[in-house]
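> Requesting a structural model of the entry that follows:
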Amino acid sequence: MQALARRPVVSIGLLALALGLSALLIALGMWQLQRAEEKRTTLAEFELRGAAAIVDLNRTGNDDAGSLAGYRAAATGHYLDFNILLDNQLQQGRAGYLVYTLFALDGGKPSILVNRGWIGAQADRSRVPRFDTPTTSQRLEGRLSRPPATGLRFEGSELIERMADDVWRVQHIDFPGLSTSLGEDFLAITMLLDADAPAGFVRAWTPPGSDEARHLGYAFQWFAMALAVMVIAVVLTLRSYKAGST
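Numbering: from 1, shown residues only. Model (predicted):
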């Protein structure tokens, strides 16, 4: 009799635990759906800005540059011998750098960092990758973009390491720090060089917000786990009652 009395209490406790865990899993799934909606909105805004009129950087002030991410832009000027290697960038599983080169705008305007694409890193990390930088006057077109977002910053990540006379290596793009180190004034935005533009490297630009499907997949997994927890709890409870009735 005592065992039979304890059985309903155990079953109720199991169901309560399953309900609590399922509620948590459902909340995680809802959060992923919210993230997916945010990514969908970001991508829609990016596509809308891409269809807008091209921004002429030779007429843009530094105060306006930070709000222009996503717009297509054009710039007339020439590259300077200032190349910034953004470290720890993967391309098809291979480690390398994103190459940012300072582009001086005609008319005395602040320069802009142009993301020319990805290059592989040398096995010896102290060796500078080989690449050429044309310095003749030219017109560039591309997409304005904020630098890649950074996650955890470890000790030393703020360092601007000089690898050669015209090459610096960094762990993240710090506009004020780079401006001070290079002695140049440049816009607080970068340009993703068009895929067909010369003097570039591997350019596999990914639109912001294009990973909506990943969050939808995560949401499905959380909801499936919540359902599985409840099904298992109900099955165990029913088996417990059946065993007690025999």
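> now the strands for the chain?
Assigned by DSSP state E, the strands in the chain fall at 55-56, 72-91, 94-105, 111-120, 138-145, 161-164, 167-170, 186-193.
> who wins for proximity to Arg203 among those strands?
strand 111-120 (4.1 Å; CB to CB). For the C-beta atoms, the positions are set from N, CA and C on the backbone; glycine is no exception.
> Phi first, then psi, for Ala195.
Backbone dihedrals for Ala195, given as degrees, to the nearest 10, come out at phi -60, psi -30.
> Which residues are in contact with it?
When contacts are counted by CB atoms under 8 Å, 6 or more residues apart in numbering, Ala195 touches 203, 205.
> Please tell me how far it sits from Arg125.
28 Å (CB to CB, to the nearest Å).
> ok, now Thr136?
The spacing between Thr136 and Arg125, counted by CB to CB, is 32 Å.
> Compile the strands of the chain into a markdown table and extend it with columns for distance to Val235, mean pLDDT and mean neighbour count.
A markdown table is the format used below for those (distance: least, CB to CB, whole Å; pLDDT from 0 to 100; neighbours: other CB atoms under 10 Å):
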| stretch | distance to Val235 | mean pLDDT | mean neighbour count |
| --- | --- | --- | --- |
| strand 55-56 | 61 | 92 | 16 |
| strand 72-91 | 44 | 93 | 18 |
| strand 94-105 | 48 | 94 | 21 |
| strand 111-120 | 51 | 95 | 22 |
| strand 138-145 | 51 | 94 | 19 |
| strand 161-164 | 59 | 90 | 12 |
| strand 167-170 | 56 | 94 | 20 |
| strand 186-193 | 53 | 92 | 23 |
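> Same list, these, but as TSV with distance to Phe46 please.
What follows is the strands of the chain, written out as TSV (distance: least, CB to CB, whole Å):
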stretch	distance to Phe46
strand 55-56	14
strand 72-91	11
strand 94-105	19
strand 111-120	16
strand 138-145	9
strand 161-164	32
strand 167-170	25
strand 186-193	12
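> I'd like to know which of these is closest to Val202.
Comparing the strands of the chain under CB to CB, the one sitting nearest is strand 111-120, at 4.2 Å.
> Domains in the protein, by residue range?
Following automatic domain parsing, the chain resolves into domains at 2-46+211-245, 71-193.
> Same list (the ones you listed) but as a markdown table, adding distance to Ala52.
Formatted as a markdown table, those follow (distance: least, CB to CB, whole Å):
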| stretch | distance to Ala52 |
| --- | --- |
| domain 2-46+211-245 | 11 |
| domain 71-193 | 6 |
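> Out of these, which is closest to Ala53?
Among the domains of the chain, the nearest to Ala53 by CB to CB is domain 71-193 (8.4 Å).
> isn't Val114 right up against Ala197?
No: counting by CB atoms under 8 Å, Val114 sits too far from Ala197 to count as a contact (9.3 Å).
> shared neighbours of the two, which are they?
Counting by CB under 8 Å, 6+ apart, the residues touching both Val114 and Ala197 are 140, 142.
> Could you count how many residues lie near the nearest residue to Leu14 once chain neighbours are set aside?
Leaving out its chain neighbours, the residue that sits closest to Leu14 by CB to CB, 6 or more residues apart in numbering is Ala233, at 5.6 Å. By other CB atoms under 10 Å, 19 other residues sit near Ala233.
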